[in-house]
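J.: need a 3D model of the sequence below.
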Amino acid sequence: MTTGQAARRWAETWQRAWEALDLDAIVALYAPDALLSTEPFREPYRGRSGVRDYVSEAFAEEEAPRVWAGEPIVDGDRASISWWASLRENGADTTLAGTSVLRFDDAGQVVAQWD
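T.: Modelled structure (predicted):
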């Protein structure tokens with residue numbers, strides 16, 4: 001799988017799975033030893049279990065997400081993807097926007113993500 005294909009799969013899966021609050025579909029995108037960094041001073045989440053912990057914590061606070069993703073920008077084994085979400089978080093209407101910088105292995109799984 002090329003990095004471009006992996007990046008598009010990541011964006012499409014996150015969009016569909018976030019809206020459905022489908023934890024398993026998202027976790028399946030990550031390599032067993034993946035690192036997921038969500039804030040600059042927070043320890044990264046490690047491995048699929050860490051990804052599962054992060055996503056399940058986020059989903060527990062969210063209702064009715066609507067999600068959009070931009071076209072990936074790809075360079076070598078890395079991609080950058082901008083995304084937006086409109087949802088209710090802890091009972092309040094919220095808009096989230098960010099960019100995920102991803103590194104993929106040869107099988108197209110995420111080995112590192114920085115948001």
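J.: contacts and neighbour counts: CA atoms only from here.
T.: OK.
J.: residue contacts, the residue lying closest to Arg16 once chain neighbours are set aside?
T.: Excluding the flanking residues, the one nearest Arg16 by Cα to Cα, 6 or more residues apart in numbering is Val67, at 7.8 Å. Each residue near Val67 by Cα atoms under 8 Å, 6 or more residues apart in numbering is listed here: Gln15, Arg16, Trp18, Glu19, Trp83, Trp84, Ala85, Ser86.
J.: among those, which lie within strands?
T.: Using DSSP state E, Trp83, Trp84, Ala85, Ser86 are the members of the contacts of Val67 that sit in strands.
J.: surely the first one meets Thr99?
T.: Just to be clear, that refers to Trp83. Yes - in this structure, Trp83 is within contact of Thr99 by Cα atoms under 8 Å, at 6.0 Å.
J.: ok, what's across the strand from the residue nearest to Arg16?
T.: Ala85 (DSSP bridges).
J.: thank you kindly, that will do.
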